[in-house]
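Colleague: Make a model of this:
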Amino acid sequence: NYPRISYKWWYALAEFVDNSTQSYFDYRERLDSHFESNGDKFTVEIVRDEDLVRISDNAYGMDMNILTRAMNVSTPPPVNDGQKLGRSRYGVGMKTASGWAGKYMSIRTTMLGSGKEITVKLDWDKVNSGETELDISTRQVPTSDHGTIIELSGIYDPAKGNTVKTMKDYLRSIYRIDIREEVMVLKWDGDPLEGFSFSDSTDFQLKPDNTPWSKHLNEKIGDKKVTGWFGVLKKGKAGRSKAGFSIFHNNRMVEGWPSSWRPTQIFGGDSANEGSNNLLNQRLVGEVHLDDFGISHTKDGIYWKTGEEENVGKLLKEKLDDLITQAKIPYKSQPGGGKAQRETFEQAAKSLETEIKDIEDAFQKEVRMIEVEPPLPKNQQKDVNSKIVNQAANKGDSQWSINLGTYTVELYLENEGQSDPYYTPS
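Modeller: Modelled structure (predicted):
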């Protein structure tokens, strides 16, 4: 009973995108040559309304043999000697995802060079009742035509509101590598999705030598590779919603942002998604590639064998010790942190002095005659100002003070602890 399968909309849609990308990878050389000649790019587009979801691509397409195999449940694609299974692994994804999503599915596909368009229509109620005859039709098309269009209708649970945003966020995260490496253009209702990613030069904290706090790993647990990159997010880029790890299999995310994987050996907590909102949980980020490990049939996580997840967590904790230590250090305590803050404060104070002088000059030039109320008596001025001064002074001594002649600028820093590491000027 496909509607009872534990799917989320984003992982169901990813099953179709997986098939599209695998079709492109299998015939990449020929397709790239074709795209180069007509100025096109490999593109997958998702269009949806309340009762229809359409997934279209300009990949290689299918002939009758490939389409027949694709329609058989649990018939994985053939793999040549020495090759590993790609993203289309189990031969169940398209069928289970379409049966979960809606009552009907239609497939219209043309293999490049074949000159034949094939259309198949499915009614899942009939299929589930035992009917095996499919509604198949063909027609002649130009031999330059290629690609596949899949339409799902009779949608059981149409996505609405925040679910739609979540679908887009997951898809641009799942296929972030394909998008940022310009392997694929992934569109949603006509607009290209921007891949979720980080950059050494703009997102990570810098060491005293001006190199980023990041590193790449290439390790093994037994005969299984554990690779990836990791970094410490800088101020303004950090946050629990951004930090944590994403797990990849064949350059396709199977678990991660916007719900990051957090191994308890590093992040703490009782499960992978828990852990306190401390500096480590706000700053440490990375992508882990586990191509040699198994994945679930819905491709929403690693199929961990006994002890594997714990062993991966221990390995990462050992190899990322320097990044973990750095992520825990408050900004003010980092080398150069105090100096940098002092320079920023002095620059801001000088800018304030210039602005005050400009305002005073403007008044002297523009104001000719003005009636003003007499100023408050000094004792009343003191009462008004004291409320502001006391509010800041109660927090302790000012961190820095700069005399601007008529005015004095003082900076008070407030540190509420490791879980709230940012400073608020008063």
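
Colleague: hey, let's count contacts and neighbours off CA atoms from now on
Modeller: Noted.

Colleague: Which helix or strand contains the nearest residue to residue 194 once chain neighbours are set aside?
Modeller: Nearest residue to residue 194 in three dimensions, chain neighbours excluded: residue 172, at 6.2 Å (CA to CA, 6 or more residues apart in numbering). Using DSSP states H and E, residue 172 maps to helix 162-174.

Colleague: Tell me which residues are up against that helix.
Modeller: 9-10, 14, 179, 188, 193-197, 252-254, 256-258 (CA atoms under 8 Å, 6 or more residues apart in numbering).

Colleague: Give the buried residues for that helix.
Modeller: For helix 162-174, the neighbour count (16 or more other CA atoms under 10 Å) marks 167, 168, 169, 170, 171, 172, 173, 174 as buried.

Colleague: picking up where we left off before, list buried residues within the contacts of helix 162-174.
Modeller: Using 16+ other CA under 10 Å, the buried ones in those are 9-10, 14, 179, 188, 193-196, 252-254, 256-258.

Colleague: Include distance to residue 139 and pLDDT when you put the buried residues of helix 162-174 into CSV, please.
Modeller: Below are the buried residues of helix 162-174 laid out as CSV (distance: CA to CA, whole Å; pLDDT from 0 to 100):
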residue, distance to residue 139, pLDDT
167, 35, 96
168, 34, 96
169, 38, 96
170, 37, 96
171, 33, 97
172, 35, 96
173, 38, 96
174, 35, 97
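
Colleague: The stretch 251-400 of the chain: strands as residue ranges?
Modeller: Taking DSSP state E, counting those that start in this stretch, the strands of the stretch 251-400 of the chain run over residues 252-255, 284-289, 400-403.

Colleague: Return the most buried member of these.
Modeller: Compared across the strands of the stretch 251-400 of the chain, strand 284-289 shows the largest average neighbour count, a mean of 25 (mean count of other CA atoms under 10 Å).

Colleague: Show residues contacting that strand.
Modeller: In contact with strand 284-289 (CA under 8 Å, 6+ apart) are residues 225-233, 242-251, 323-324, 327.

Colleague: Show me the residues you listed that map onto strands.
Modeller: The strands, defined by DSSP state E, take in 225-232, 244-249 from the contacts of strand 284-289.

Colleague: Out of the residues you listed, the closest to residue 319 would be?
Modeller: Proximity of those to residue 319 (CA to CA) peaks at residue 230, which lies at 10.4 Å.

Colleague: list the contacts for that closest one?
Modeller: 214, 215, 216, 284, 285, 286, 287, 320 are the contacts of residue 230 under CA under 8 Å, 6+ apart.

Colleague: for residue 96, same thing?
Modeller: Counting by CA under 8 Å, 6+ apart, residue 96 has contacts 2, 5.

Colleague: show me where pLDDT drops low in the stretch 1-150 of the chain?
Modeller: For the stretch 1-150 of the chain, the stretches with pLDDT under 70 are 1, 73-85, 89-92.

Colleague: So for stretch 328-338, mean pLDDT?
Modeller: Mean pLDDT, stretch 328-338: 76.

Colleague: Just the buried positions in the host helix or strand of residue 25, please.
Modeller: Assessed by DSSP H and E, residue 25 sits inside helix 9-26. Neighbour-count burial for helix 9-26 flags 9-25 (criterion: 16+ other CA under 10 Å).

Colleague: What lies in contact with it?
Modeller: With CA under 8 Å, 6+ apart, helix 9-26 has contacts from 31, 42, 44, 55, 57, 59-61, 86-88, 93-94, 97-98, 101, 159, 166-168, 170-171, 184, 298-300.

Colleague: Give me the buried subset of these.
Modeller: 31, 42, 44, 55, 57, 59-61, 86-88, 93-94, 97-98, 101, 159, 167-168, 170-171, 184, 298-300.

Colleague: Take the residues you listed and keep only those in helices.
Modeller: 31, 93, 94, 97, 98, 101, 167, 168, 170, 171 (DSSP state H).

Colleague: So for the fourth one, what's the nearest residue that isn't a sequence neighbour?
Modeller: Think residue 97. In space, residue 97 is closest to residue 12, 4.9 Å off (CA to CA, 6+ apart).

Colleague: Tell me, how many residues neighbour residue 237?
Modeller: Counted by other CA atoms under 10 Å, the residues lying close to residue 237 total 16.

Colleague: quick one: it is in a helix?
Modeller: No: using DSSP: H, G, I helix; E, B strand; the rest coil, the assignment for residue 237 is coil, not a helix.

Colleague: And it, its phi and psi?
Modeller: In terms of degrees, to the nearest 10, the main-chain angles of residue 237 are phi -110, psi -20.

Colleague: That one touches residue 205, doesn't it?
Modeller: No: if you go by CA atoms under 8 Å, residue 237 and residue 205 don't touch, sitting 9.5 Å apart.

Colleague: ok so, going back, how about TSV for the ones in strands among the contacts of strand 284-289, with pLDDT added?
Modeller: Shown next, in TSV, are the ones in strands among the contacts of strand 284-289 (pLDDT from 0 to 100):
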residue	pLDDT
225	97
226	98
227	98
228	97
229	97
230	97
231	96
232	97
244	95
245	97
246	97
247	97
248	97
249	95
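
Colleague: Narrow those to just the buried residues.
Modeller: Using 16+ other CA under 10 Å, the buried ones in the ones in strands among the contacts of strand 284-289 are 225-228, 230-232, 244-249.

Colleague: quick one, the helix holding residue 172 and helix 9-26 angle?
Modeller: 30 degrees (axes from the mean of the first three to the mean of the last three CA atoms, to 10 degrees).

Colleague: tell me the angle helix 162-174 makes with strand 244-249.
Modeller: 70 degrees.

Colleague: Off-centre distance for stretch 157-173?
Modeller: 13 Å (CA atoms, centre = their mean, to the nearest Å).

Colleague: now do stretch 55-65
Modeller: 28 Å.

Colleague: How far does stretch 211-231 sit from its chain's centre?
Modeller: Its chain's average C-alpha position is 19 Å from that of stretch 211-231, according to CA atoms, centre = their mean.

Colleague: Output it as CSV, nothing but the C-alphas.
Modeller: C-alpha atoms of stretch 211-231 as CSV (Å, rounded to 0.1, in the frame of the first residue of the first chain):
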residue,chain,number,x,y,z
THR,A,211,43.8,30.8,6.3
PRO,A,212,40.3,29.5,7.0
TRP,A,213,39.5,27.2,9.9
SER,A,214,38.5,24.3,7.7
LYS,A,215,39.9,20.9,6.5
HIS,A,216,39.3,18.0,4.2
LEU,A,217,39.3,14.3,5.4
ASN,A,218,40.1,11.1,3.5
GLU,A,219,39.9,8.3,6.0
LYS,A,220,38.7,4.7,6.2
ILE,A,221,36.8,2.5,8.7
GLY,A,222,37.7,-1.0,7.7
ASP,A,223,37.3,-1.0,3.9
LYS,A,224,34.8,1.8,3.8
LYS,A,225,35.9,5.4,3.0
VAL,A,226,34.9,8.4,5.1
THR,A,227,35.7,11.6,3.2
GLY,A,228,34.5,15.2,3.2
TRP,A,229,35.2,18.8,4.3
PHE,A,230,34.6,20.6,7.6
GLY,A,231,34.8,24.1,8.9
